[in-house]
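Visitor: sequence first, then the predicted structure:
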Amino acid sequence: MSAATKSNEGLYDCRDAFSKTLEALAEADDRVVAVVNDSVGSSKLGGFKKRWPERLVNVGIAEQNMVGVGAGLANGGRIPFVSCASCFLTGRALEQIKADVAYSNTNVKLCGQSPGIGYGELGPTHHSIEDLAWLRPLANLLTIVPSDPWETAEAIRFAAAYEGPIFIRVSRYPVPALDHKLDRIEPGKAEVMRDGDDVAILANGVMLHKALQAADVLAEQGVSARVVNMAWMNPLDIEAIVDAAGTGAVVTVEEASVRGGLGGAVAETLALHRPVPMEMLGFPGFAPTGTVDFLFDHFGLSAAGISSAALKAISRKG
Amino acid sequence: MFLSTAPAPVSGADRINMVRARALAIRRSAFTMVHDAGLGHPGGDFSAADILASLYFAIMRYDAKQPRHPDRDRFIMSKGHCTGAFYSVLAQAGFFPEADLKTYMQPLSMLNGHPNRNYLPGIETNTGPLGHGLPVAVGIAIAGQLSAKDYRTFVLTGDGELQEGSNWEAAMAAGNRKLNRLTVIVDRNRLQQGDRTEATNGLDPLDDKWRAFGFHVEMIDGHDHGALLDVLGADPTGRDKPLCVIANTIKGKGVSFMEDNVSWHHGVPNAEQFAQAMKELI
């Protein structure tokens, strides 16, 4: 447990924050509806269904229709939260997300459940490490990767109040509640979780607490690491990335493909504005079989792996 | 406020003649747009012209000055490549000046090759890739049902377009939810871009397919204005099913050398062909 976490009380499944927040919003505003693909259980929307059965639109196992229905519900004045395993939401319905949601600029809230390698042993068909690379080029589509229950709840609340399309990654991997510095989330605003000047670790989602743990490991070795929460993939906080490059070395850590995700976004930014040595942690390709924790360790997505990558980046400073 | 169709509805033969005149005007302006732009899909524009004229001038409820009025009837042009006919009918219905049709597909025009709702009033959702319209229409119909609104939702699909599986995902949901205020109109011209539909990936028996998905099906001549007005104008209140109208049409309808000719899917007329077509479209 990182010193940066609020307590040792426990770990949280962000889907609980998602469903609890959505129920609170639905209570307050009857325009809020949920759209699912037979994923009531995996989206933890059983409570929603019980309270508002008519406002939970279950289209069955039909993701292209699910996203189109979401766009139609928005056209009819509703605020649809389209919830589905991220691998199927973004993979099977990518063109619907592009045309019906992003390009049409509709008020649809896409909630990608259990992203990254959340489904562990179920394998790469069920992993969603490509979603950020697929969605990042889509104009209009805000994209956020929350790190813990508070940030997940904030993202859901923000989405309901925001008039426009947004993609929210909702993790199932147990994470601690982090000690956030911001009172509320703001589109495109990164959060410096911990200051430091030898290296900057840019992370988001369930990797953020591991980045903070890595900073603890580095501190024991006399290395001062900045940790930045890059929850927003779109808009991207260019200024925070350029500031991070001021440390002279950058590491990105994400539960996604290193190609096209946070690593890609940061690399593009540094190349354009302030090139410095950079290491990218994430998934280089399809994962082998293993539990989520095994796979995180296998790909260096652990406190030890991240701190090693940080030292490597520092060693490459000119 | 009260919403009504663009011109005050008239009855009987006058009403049918008015729709016929509008359909001819759609064909003339769509063909002019395609001729001037050097691009477009006139064959499908012409097969759909009578359907569009019927909807916009005799059936649908809307206010072109308040294009997003919450109680409006919705129309989705799922065969989004047929913008010649779609833009023509929207302009005639008053959503934007008819003079703007001259900018069709010109640089920075609002009149993109495929519809864009953010540029042009009267467009409900951006289409172009096939198989997108019906799912969105289903969502609109569900929203209407949830809000107890009486607006109707119409979607026009091509027949070749039905080869996209997303349509059948949506059809299943529409039938299952008994969306009686949803109407799917299939522009059944039996031609797609490269060949006849039945020579490509056959759709028949198309009426049985829709019935199996829980739709009430009407098969009509899609160029018979009286039949179109009767079927599309029927009050859906008592029906406990969505409606599918299979409109048997002729691609390129109205111009002798274009009718049922696959090469006019996205053909562009030369000067002689254009002049000949204008003579026939009166």
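Guide: Cool, got the structure. Numbering: from 1, shown residues only, chains lettered A, B, ... in the order given.
Visitor: what does chain A have sitting close to chain B?
Guide: Residues of chain A lying near chain B by C-beta under 8 Å from any C-beta of the partner chain: A:33, A:35, A:54-55, A:57, A:59-60, A:62, A:64-78, A:80, A:95-96, A:99-100, A:103-106. Bear in mind the C-beta positions are built from the backbone N, C-alpha and C, glycine included.
Visitor: do you know how far B:Asp100 is from B:Trp264?
Guide: Separation of B:Asp100 from B:Trp264 (C-beta to C-beta, to the nearest Å) stands at 25 Å.
Visitor: repeat for A:Asp197
Guide: Noted for A:Asp197: a distance of 68 Å to B:Trp264, by C-beta to C-beta.
Visitor: more neighbours: which of those two?
Guide: In this view A:Asp197 and B:Trp264 are compared by other C-beta atoms under 10 Å in any protein chain shown, and B:Trp264 has more residues nearby, 24 against 12.
Visitor: now do the contacts for the closest residue to A:Arg194 other than its chain neighbours.
Guide: Excluding the flanking residues, the one nearest A:Arg194 by C-beta to C-beta, 6 or more residues apart in numbering or on different chains is A:Val227, at 4.4 Å. With contacts defined as C-beta atoms under 8 Å, 6 or more residues apart in numbering or on different chains, A:Val227 is in contact with A:4, A:192-194, A:196, A:200-201, A:203, A:208, A:211-212, A:215.
Visitor: try 10 Å this time
Guide: Residues in contact with A:Val227 (C-beta atoms under 10 Å, 6 or more residues apart in numbering or on different chains) are A:2, A:4, A:191-196, A:199-203, A:208-209, A:211-216, A:218, A:244, A:251, A:253, A:306.
Visitor: drop anything exposed from the residues you listed.
Guide: A:2, A:4, A:191-194, A:196, A:199-203, A:208-209, A:211-216, A:218, A:244, A:251, A:253, A:306 (16 or more other C-beta atoms under 10 Å in any protein chain shown).
Visitor: now stretch B:273-282, how far from the centre of its chain.
Guide: 23 Å (C-alpha atoms, centre = their mean, to the nearest Å).
Visitor: check the gap between A:Pro137 and chain B for me.
Guide: Applying C-beta to the nearest C-beta, to the nearest Å, the value for A:Pro137 to chain B is 16 Å.
Visitor: tell me which helix or strand A:Val253 sits in.
Guide: According to DSSP states H and E, A:Val253 maps onto strand A:250-257.
Visitor: list the neighbouring strands of that strand plus their orientation.
Guide: Strand A:250-257 pairs in its sheet with strand A:199-203 (parallel), strand A:278-283 (parallel), by DSSP bridges.
Visitor: can you put those in TSV and add mean pLDDT?
Guide: Compiled in TSV, the strands paired with strand A:250-257 are given as follows (pLDDT from 0 to 100):
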stretch	mean pLDDT
strand A:199-203	98
strand A:278-283	98
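Visitor: can you redo these as CSV with distance to A:Val145?
Guide: Formatted as CSV, the strands paired with strand A:250-257 follow (distance: least, C-beta to C-beta, whole Å):
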stretch, distance to A:Val145
strand A:199-203, 9
strand A:278-283, 12
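Visitor: now the helix or strand that contains B:Asn17, how far from the centre of its chain.
Guide: Per DSSP H and E, B:Asn17 falls inside helix B:12-37. Helix B:12-37 sits 13 Å away from the centroid of its parent chain (C-alpha atoms, centre = their mean).
Visitor: pull up the gap between the residue positioned nearest the centre of chain B and chain A, please.
Guide: Centrality entry for chain B: nearest residue to the mean C-alpha point is B:Leu156, 4.4 Å, by C-alpha atoms, centre = their mean. According to C-beta to the nearest C-beta, B:Leu156 stands 15 Å off from chain A.
Visitor: return the distance of that residue relative to B:Ile76.
Guide: Separation of B:Leu156 from B:Ile76 (C-beta to C-beta): 7 Å.
Visitor: need the residues touching each of these two.
Guide: Residues touching both B:Leu156 and B:Ile76 (C-beta under 10 Å, 6+ apart) are B:127, B:133-134, B:137, B:184.
Visitor: before we move on, back to that, now the buried members of the residues of chain A next to chain B.
Guide: Buried among these (16+ other C-beta under 10 Å): A:33, A:35, A:55, A:57, A:59, A:62, A:64-78, A:80, A:96, A:99-100, A:103-106.
Visitor: okay, now whatever residue of the stretch 201-318 of chain A ends up closest to chain B: neighbour count?
Guide: In the stretch 201-318 of chain A, no residue comes nearer to chain B than A:Asn234, which is 18.1 Å away by C-beta to the nearest C-beta. Applying other C-beta under 10 Å, we find 20 residues neighbouring A:Asn234.
Visitor: can you tell me the SS state at the spatially closest residue to it that is not a sequence neighbour?
Guide: Excluding its sequence neighbours, the residue lying closest to A:Asn234 (C-beta to C-beta, 6+ apart) is A:Thr143, at 4.1 Å. Here A:Thr143 is recorded as strand under DSSP: H, G, I helix; E, B strand; the rest coil.
Visitor: need the contact list for A:Thr143.
Guide: Residues in contact with A:Thr143 (C-beta under 10 Å, 6+ apart) are A:110, A:112, A:131-132, A:135-136, A:165-169, A:187, A:231-236.
Visitor: among the residues you listed, which lie within strands?
Guide: Those of the contacts of A:Thr143 mapping onto strands are A:110, A:112, A:166-169, A:232-234, per DSSP state E.
Visitor: out of the residues you listed, who's nearest A:Phe18?
Guide: Distance ranking of those against A:Phe18, using C-beta to C-beta, places A:Ile168 first at 8.0 Å.
Visitor: ok, that closest one - contacts?
Guide: Residues near A:Ile168 by C-beta under 10 Å, 6+ apart: A:14, A:18, A:81, A:83, A:86, A:109-113, A:115, A:142-146, A:151-152, A:155-156, A:158-159, A:231.
Visitor: pull the distance from the helix or strand hosting B:Glu198 to the chain's centre.
Guide: Using DSSP H and E, B:Glu198 maps to helix B:197-201. Taking C-alpha atoms, centre = their mean, one finds the center of helix B:197-201 at 22 Å from the center of the full chain.
Visitor: end-to-end on stretch A:200-211?
Guide: This stretch, stretch A:200-211, spans 10 Å end to end (C-alpha to C-alpha, to the nearest Å).
Visitor: ok, back up a step: want to try JSON lines for the ones in strands among the contacts of A:Thr143, with distance to A:Glu23 and pLDDT as columns?
Guide: Shown next, in JSON lines, are the ones in strands among the contacts of A:Thr143 (distance: C-beta to C-beta, whole Å; pLDDT from 0 to 100):
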{"residue": "A:Leu110", "distance to A:Glu23": "19", "pLDDT": "98"}
{"residue": "A:Gly112", "distance to A:Glu23": "19", "pLDDT": "98"}
{"residue": "A:Ile166", "distance to A:Glu23": "19", "pLDDT": "98"}
{"residue": "A:Phe167", "distance to A:Glu23": "21", "pLDDT": "98"}
{"residue": "A:Ile168", "distance to A:Glu23": "16", "pLDDT": "98"}
{"residue": "A:Arg169", "distance to A:Glu23": "20", "pLDDT": "98"}
{"residue": "A:Trp232", "distance to A:Glu23": "25", "pLDDT": "98"}
{"residue": "A:Met233", "distance to A:Glu23": "27", "pLDDT": "98"}
{"residue": "A:Asn234", "distance to A:Glu23": "27", "pLDDT": "98"}
